[in-house]
Structure formats: C-alpha cells, structure tokens
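K.L.:
Any chance you could fold what I've pasted below:
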Amino acid sequence: MKIALVAQHSTPVPAAARTAAAGDDARLVEMSRSLAGEGHQVTVYARRTGRQLPERADLAPGVSVEYVGPADPGGDDSRLVAQVGAFSAPLHDRWAKDRPDVVHAMRWTSGLAALAAARDLQVPVVQSFDQLGVTERRHGLIPAAAGTERIRLEPAIGRTVDAVVASSCDEETDLTRLGIPRSHIRVVPTGIDTSEFTPDGPARDRNERRRLVTVADLAAESESLAILLQAMAKIPGAELVIAGGPAREDLRGDLTYRRLAKLSDALDLQGRVFFAGQVARAGLPPLLRSADLMVNVNQHEATAITSIQAMACGTPVVATANGAHLDAVVDGTTGILVQPLRPALLAQKIRALLAHPMLLEAFSVAAVDRARSRYSWDRIAHETLAVYDTALAA
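P.N.:
The predicted structure follows:
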C-alpha cells in the first residue's frame, strides 16, 4: 500500500540533521516508520520551513519526506490556513502522477489541503485532528474569541473525509457531538517507543524522600500546577520535581516560574519542590524512573503521552480524570484518577499510595504491562492500517 501522510504543521528531518527528536515531529516519524515496517511505502508531505531543505529526503527505511509549499518559518493556524492553497496544489500535481492508495491528514489544516488535493483523484482520505478546537475552548486552552474558523471547519472536514481517527474515547464523543457519524470514527491512540521508555535503564539521582514528578507547560498549566503545589503542602516527607518551561538556566526570566516559585515559598515548600526546566527527550526516561509517582494534573490531556511514558517506565500515575487519561490509566490498577481542582483530595490519594509500597509495586507492574500491550507503535500501526482498509473498502 502507498500511504501519503499529510502534515502541514510539521517539518520532520532525516536523522542526520535531527538535533532533538521530540513532540509532533518525533511521533510522526515513529508512526511512519511503524507503518513502513509492515511492508508499506510511506511518504510524508510536510511544510517547508527554509530554503535549505531539499525537495525530498529519506526519514527511515521505506519512509520518505517531501517538503511542500514556499519556505515559511511560521507555524500558527492563521499562517497555515493562508498557505493551504500553496500546499494543496503541489500535492494534487504529485498525486496525479503517482497516486497514493490512501491519504492520512494530520490536524485540520492538513485535512483542508488533503481534501482539496484528492478531490478528483478518487483517493480515500483519513483524518486525525489531534485535538479539536471545541475541546480546547471548553478547557480554556484557547481564548473564547479565538479559533472560530477552525471550530467552524473541523466538523465539515470530519463529515467529508472517509474516516476519522480519534486519539481517545473522549475525542470520539466530541466528534459525534459535532455531527460526525460514529460509524466513521475509529479510536486509535498515539503510540510510544516502548524500547526507549522501559523500567530498565539509568534513573536520575534522588534522595531518601518519596519523589513525585510532573511534566507540564508552565504557562499553559499554571493554574493546575498551583493546585498541585497546594496538594504538596499536605504531603509531608515527599518532594516534587516539575519538568517543563524554558531551559533551567532561563527559568528566572520566566514570569510563570516566578509566580509558582513564590507560591511554593508561601506554602513553606522550600527544599521539597524543584523546577527542572525543559527536559530533553533523552533525559525524560531517567527522570520518570526515579519517581515513585507521576502526577499529571493538566487541564486536559489529548493524548496523555507523558503519563503513558511514565507507565512504560514502571511509574504509576495519579492523573486528573479527563481526556485520554480516562483511556490510559486504569483506575485502581495502573494508577489513580482524581477529579480536577481538588487539592485536598489529590493529596489524600497520593498519601494513601505512598503509605503502601506493596500497592505501588503492583501498580508499577500493571502500568508497564498496560503501556506495552496497548501503546506500542507496532499495535498502533496495525490499528491504523485497519482504518485505512476500512476507508479503501468504503
């Protein structure tokens, strides 16, 4: 099967030029590599961000990337929408000469481009939104007045394509509320590298205290992190490592960090809360292995990737009961789900777990099994290919 992955928002580069494989680019490479590993030919159509990029490059065995459109370093939605025409026209020309069997669009602007390019070519189009605009607005992740065009167009895209891939059951519910038939939706979560995130390997140095780790965007999750700090005041004898934000050496210049650090001091948490700054991907598994618990109180988790990575490292998760956490964390087996914005309850659940080392150990074993069996890229590739087969049959 010839698979076209359309990722207008992304610019993956070959390994030789890659300095840090993380975020969307890394997941796109891992997904395409897994699909190619099943014997398929995969071409990624990505955004050109600089004139120095070639027309085409090899990302992995069986995976090539073609950079499309004019060189444009911008990546926000407004710029991507403005470039949809310049992105879709070359796609149509290339697919007319070498038709793919299936097109998979990543995010909504890629869906616009893919539908325009495939309109008269009889190529089935599959859509992944990653996260819906209505969901982000509901959780306060975008301003109430922002994202209007996206919120208007995402339902139309979902009803036009041949199949929609939802990353969680929570997203599936939101898609059906937008009028997209449930029969056109398949839930396929984002995978993780289970050879990199594993219980075996080095762990970050720690002291005798019980350690909690959280990974969050300081600016976007400042309210949630404030709740976690309030909970920490009720968990004596434990420490918290907060990873995220700018590099550690640049933290003092970050306004959100200064506010959270001031709150930490006001709660008398000196010496028990540590801001690690941005942690590189290679440093994340050792940090997760060093923790007794991973605590994720983010306002909304579209994929729960970091929590799943922690589970794969053998670290149980305490997370807010929302988004993809409802799928990933088996409450009472691989971790605990708690209601958001309730610091006293959060502290109570964490204290109860830390007081029972045998229960923590049982959670750890179950967490590893859950992450490996459900979220390995091999399984995700098989489930994604099943969606393609459905779209082709339709």
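K.L.:
What count of nearby residues applies to W108?
P.N.:
When neighbours are counted by other CB atoms under 10 Å, W108 registers 28. Quick note: C-beta positions are derived from backbone N, CA and C, even for glycine.
K.L.:
doesn't E154 make contact with it?
P.N.:
Yes - in terms of CB atoms under 8 Å, W108 counts as a neighbour of E154; the distance is 5.1 Å.
K.L.:
any residues in contact with both of these two?
P.N.:
Counting by CB atoms under 8 Å, 6 or more residues apart in numbering, the contacts common to W108 and E154 are 129, 133.
K.L.:
Next up, the contacts around A220.
P.N.:
With contacts defined as CB under 8 Å, 6+ apart, A220 is in contact with 141, 299.
K.L.:
Which strand residues bridge the residue nearest to A7 when sequence neighbours are not counted?
P.N.:
Spatial nearest neighbour of A7, chain neighbours left out: M106 (4.5 Å); criterion: CB to CB, 6 or more residues apart in numbering. M106 forms beta bridges with S128, as assigned by DSSP bridges.
K.L.:
And M106, how close does it get to S128?
P.N.:
Using CB to CB, to the nearest Å, we find M106 at a distance of 5 Å from S128.
K.L.:
Could you check how far E172 is from P181?
P.N.:
Applying CB to CB, the value for E172 to P181 is 11 Å.
K.L.:
Neighbour count: the two, which is higher?
P.N.:
More crowded of E172 and P181, by other CB under 10 Å: E172, with 19 against 11.
K.L.:
And the helix or strand hosting R370, what's buried?
P.N.:
Assigned by DSSP states H and E, R370 belongs to helix 357-375. Neighbour-count burial for helix 357-375, counted by 16 or more other CB atoms under 10 Å, picks out 360, 363-364, 366-368, 370-372, 374-375.
K.L.:
do stretch 212-222 as well
P.N.:
For stretch 212-222, a neighbour-count test (16+ other CB under 10 Å) marks 212-216, 218, 220-222 as buried.
K.L.:
and what of stretch 374-389?
P.N.:
Neighbour counts over stretch 374-389 (16+ other CB under 10 Å) mark 374-377, 379-381, 384-385, 387-388 as buried.
K.L.:
out of the residues you listed, who's nearest T43?
P.N.:
Y388 (14.1 Å; CB to CB).
K.L.:
does the closest one really touch V126, like I thought?
P.N.:
Yes - if you go by CB under 8 Å, Y388 and V126 touch, sitting 6.5 Å apart.
K.L.:
joint contacts of the two?
P.N.:
Common contact partners of Y388 and V126 (CB under 8 Å, 6+ apart): 102, 104.
K.L.:
Check the offset of stretch 290-309 from the chain's centre.
P.N.:
Put simply, stretch 290-309 sits 11 Å off its chain's centre (CA atoms, centre = their mean, to the nearest Å).
K.L.:
end to end, how far does that stretch reach?
P.N.:
For stretch 290-309, the first-to-last residue distance is 13 Å (CA to CA, to the nearest Å).
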